[in-house]
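Trainee: Next comes the sequence, and after it the predicted model I'd like to discuss.
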Amino acid sequence: MIAKVDHNFNPNNMLTGRYYFGDSDQSFPFAQLAGGLLPGFNTITPTRVQLISLSYVKVINANQLNEARLGWNRFVEGFFPEDRNFDPSSIGLNTGVTSPFDFGLPKMSVPGFSVIAATNSEQSARVDSNWHFIDNYSWKAGRHDVKFGYEFRRTTIALTQDNTFRGKFSFDSLSQFLQGIASSGKIAQGNTRRHTVENNHGFYIQDSFRWTPRLTVNAGVRWDYFGVVRERSNLFYRFDPAAVDGLDRVAQLYDKDYNNFAPRIGLAYDVTGKGRTVVRAGWGFFYDAFAQDIFLGHIPYNCAFCPGPAYTGIGPSPIMTSTANGTAFDPNTPAFSDFLGLGDFFGTDKHIRTPYTQNFNLNVQQQLGKAVLQVGYVGARGTKLFRFRDINQPSQDQITAADLANGTTDYGVPRNFPQFSQFFYINMEESTASSTYHALQTSLRMNSWRGVTSSVNFVWSHSIDNASDSEDFIPNAAQPQDSTRPSLDRGNSNFDIRRRFSWNFGYDLPHFGGNWAKVKNGWGFSGVVNLQDGQPFQLNYNFEGDYSGAGQGFDRPDVVGPIRYGSGANSIDLTSFQVPCTLDGGGTADTNCLAGTRHFGTLGRDSLRAPAFKELNFSIFKKTALTERVNLQFNVDFFNIFNHPNFANPNLPNFITDPANNGLDNTGRGLGFLPLTATGDVGIGNPFLGGGGPRGVQFSAKVTF
């Protein structure tokens, strides 16, 4: 539903209002994000969106104008398994769950069979609300166009994320499953509802100064204060090794940052004064607001449930976990008992600062007859970017010393040499990452020249950083391999694409006279060519063992041979990579590592390259005027007309590329070539959802009147 109101009180005062309301029920039937594969365990996602916007424009005089805008939006969404109303106790499966909100069959994994039930990440729900007010004042004085104003934003998030609250079980065999004897299992309980709020303020002033008829300079400065995110029930905690539980409950999670001054300057220069050669340049600071999800919604690879500093195993709303008791299911005895508080913590550095980026560019635009050529340099430097480290991770010296002393570092077993013994993992959000980006960007555009329309673009670029995201959806995107030496993870950005070429073209065939004009005229064709280098990736063991001794579970391997890429569906030769320890010849488990040989793998972060992307989409069309006011257009569209296979980044669809995908030999080397299993149309992110599928043909007709 959409409602609109426009009212002019008089020529100098105008009020505009908009309201939007939308409801939807989405689902995830393919288990790509949430639901189960089997019928009856789909994930249902009810969503409600509401938007309100008001604008009031006041004309002061011929040279001054003020505009005030007020907006509010609310986004409500939940992720619920289709069987959420099913109580497992009704079939004699006593999981101990008593809250109807967490009903549903526990996730059950049996070798050789599809997983039963939905993923353990359900159930979850969130409500996002935003207030936005901005007042802009524009003043034209001679050669100056001055604008200044104030902006206010208030964001609140109410989030519930009952991860593994229905429980999950693993069975070693079908026989064990039929007997109701799980080899392992886990469940969590507690109150996960958290409600955060943040208030942001900003002031700005800018001046567009027409210095000469050929030179215009834009200069300004903006100051932002991004308010400290707080939890309404005062449930934020800060890590303190001296505290009894290692945690302190705090009202203010991190220090306020008042230093967010952002100057900007840009210029446009008409070199000849004829509008044929124009030089543009600019530079500016741009600060980034604190996303509340970094305090509520972390999904790191190393710990199963540590979404942020609002979730702990102590205090008024603790999260507790338990493992299965190892006995056969008994309707009179809960399968889980002896609940303990969370053994991991995801905290925030109290000195965290506001991330910012410096953007700068220089480009020249030249008219060449009917075409326009543009060549430019674009750069960026990111500073104080977010990433996190496990500050409880041992250093290489500690790993070697403990190994030689016969200490255990197997994944899942508490390390006997942690710096802080209260926890296993202590991830800390920091603003210590950085990035650089440099690009040569070129384009040649031609519009409507003898029926031809064309735009050719080529970009050569390189993005480098030591954290490509604030989240570790893909290992080492935000968390370094060695948290004691994070600088070693500086490398290609996850999204780095060196070369990209695109060509959009269209041609309307000439009109012919004589008979059959409606048949002969109105024909044309168009197309899009996209060519780009593959995105980077690295290899990480997917919890096969703790080969490095660091206890993270997703070590990178050693490079022990030349890097060899395959062809077609074969990505890379895995025999060139080996576990980062020396095996004793008795097996490939981490327990077979010889004492003192565990170390961090030598493969660099994002040092490998995914397959390139190549695609041509082509269309033939026919336009016909049926009457003076009615027109018909018929199209035949060919997607990926040459049926070129385009494989997604090997990280997809599982968000990790495992060097032990085909197994390991007795020295710990990988076997064979890594198979590519996803194409761009189904593997999220390469280069976008919907691209790279097999050839497709679409017929369509459109009537306009």
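Mentor: That came in fine, so what should we check first? Numbers count the residues shown, from 1 in each chain.

Trainee: For the rest of this, base every contact and every neighbour count on C-alpha atoms.
Mentor: Will do.

Trainee: Pull out the buried residues from stretch 663-674.
Mentor: Of the residues in stretch 663-674, those buried by neighbour count under the rule 16 or more other C-alpha atoms under 10 Å are 664, 667-674.

Trainee: Now tell me what touches that stretch from outside.
Mentor: The contact list for stretch 663-674, computed with C-alpha atoms under 8 Å, 6 or more residues apart in numbering, reads 566, 570-579, 582-583, 585-588, 659-662.

Trainee: Off-centre distance for stretch 558-566?
Mentor: Mean C-alpha position of stretch 558-566 versus that of the full chain (C-alpha atoms, centre = their mean, to the nearest Å) differs by 29 Å.

Trainee: Output it as CSV, restricted to C-alpha atoms.
Mentor: Output of stretch 558-566 as CSV, limited to C-alpha atoms (Å, rounded to 0.1, in the frame of the first residue of the first chain):
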residue,chain,number,x,y,z
ASP,A,558,51.8,-25.0,3.5
VAL,A,559,52.7,-24.5,-0.2
VAL,A,560,54.9,-27.4,-1.1
GLY,A,561,54.8,-27.4,-4.9
PRO,A,562,54.1,-25.1,-7.9
ILE,A,563,50.6,-23.6,-8.1
ARG,A,564,48.8,-25.3,-10.9
TYR,A,565,45.3,-24.4,-12.1
GLY,A,566,43.2,-26.8,-14.0
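
Trainee: and it, average pLDDT?
Mentor: The predicted model assigns stretch 558-566 a mean pLDDT of 96.

Trainee: if we can go back for a sec, of the buried residues of stretch 663-674, which belong to strands?
Mentor: 673-674 (DSSP state E).

Trainee: any chance of the buried residues of stretch 663-674 in TSV, with distance to residue 147 too?
Mentor: Converted to TSV, the buried residues of stretch 663-674 look like this (distance: C-alpha to C-alpha, whole Å):
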residue	distance to residue 147
664	64
667	68
668	64
669	63
670	61
671	63
672	63
673	59
674	57
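
Trainee: Switch the buried residues of stretch 663-674 over to CSV; also include pLDDT and distance to residue 96.
Mentor: Putting these into CSV (pLDDT from 0 to 100; distance: C-alpha to C-alpha, whole Å) gives the following:
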residue, pLDDT, distance to residue 96
664, 96, 40
667, 95, 45
668, 96, 42
669, 97, 44
670, 97, 43
671, 97, 44
672, 97, 46
673, 97, 46
674, 96, 43
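
Trainee: Farthest pair within the buried residues of stretch 663-674?
Mentor: Taking C-alpha to C-alpha, the two most distant members of the buried residues of stretch 663-674 are 667 and 674; they sit 18.2 Å apart.

Trainee: nearest to residue 145, of the buried residues of stretch 663-674?
Mentor: When the buried residues of stretch 663-674 are ranked by distance to residue 145 (C-alpha to C-alpha), residue 674 comes first, at 59.1 Å.

Trainee: separation between that closest one and residue 527?
Mentor: Using C-alpha to C-alpha, to the nearest Å, we find residue 674 at a distance of 34 Å from residue 527.

Trainee: Mind checking what secondary structure residue 398 has?
Mentor: At residue 398 the chain is in helix, as set by DSSP: H, G, I helix; E, B strand; the rest coil.

Trainee: lowest average confidence, helix or strand, in the chain?
Mentor: Taking all helices and strands of the chain together, the one with the lowest average confidence (mean pLDDT, DSSP states H and E) is helix 517-520, at a mean of 82.

Trainee: If you count contacts, what does the helix or strand following that helix end up packed against?
Mentor: Heading C-terminal from helix 517-520, the first helix or strand you meet, by DSSP states H and E, is strand 523-532. Strand 523-532 sits against strand 499-508, strand 613-625, with contacts defined as 3 or more C-alpha pairs under 8 Å, 6 or more residues apart in numbering; DSSP states H and E.

Trainee: Make JSON lines out of those and add mean pLDDT, distance to residue 295 and mean neighbour count.
Mentor: What follows is the helices and strands packed on strand 523-532, written out as JSON lines (pLDDT from 0 to 100; distance: least, C-alpha to C-alpha, whole Å; neighbours: other C-alpha atoms under 10 Å):
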{"stretch": "strand 499-508", "mean pLDDT": "96", "distance to residue 295": "36", "mean neighbour count": "18"}
{"stretch": "strand 613-625", "mean pLDDT": "93", "distance to residue 295": "36", "mean neighbour count": "19"}
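
Trainee: TSV please, covering those strands and showing distance to residue 638.
Mentor: Written out in TSV, the entries for the helices and strands packed on strand 523-532 read as follows (distance: least, C-alpha to C-alpha, whole Å):
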stretch	distance to residue 638
strand 499-508	14
strand 613-625	5
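
Trainee: Indicate which one of these is closest to residue 184.
Mentor: With C-alpha to C-alpha as the measure, strand 613-625 is the member of the helices and strands packed on strand 523-532 nearest residue 184 (42.4 Å).

Trainee: The closest one packs against which elements?
Mentor: When contacts are defined as 3+ C-alpha pairs under 8 Å, 6+ apart, strand 613-625 sits against strand 523-532, strand 631-639.

Trainee: Just checking: what are the partner strands of it?
Mentor: Counting by DSSP bridges, the strands paired with strand 613-625 are strand 523-532 (antiparallel), strand 631-639 (antiparallel).

Trainee: can you list contacts of the shortest one?
Mentor: Meaning strand 631-639. Judged by C-alpha under 8 Å, 6+ apart, the contacts made with strand 631-639 from elsewhere in the structure are 616-626, 694-705.

Trainee: Quick check: end-to-end length of stretch 639-651?
Mentor: Using C-alpha to C-alpha, the gap from the first to the last residue of stretch 639-651 comes to 25 Å.

Trainee: can you pull the buried residues of that stretch?
Mentor: By neighbour count on 16+ other C-alpha under 10 Å, the buried set for stretch 639-651 is 639-641, 643, 645-651.
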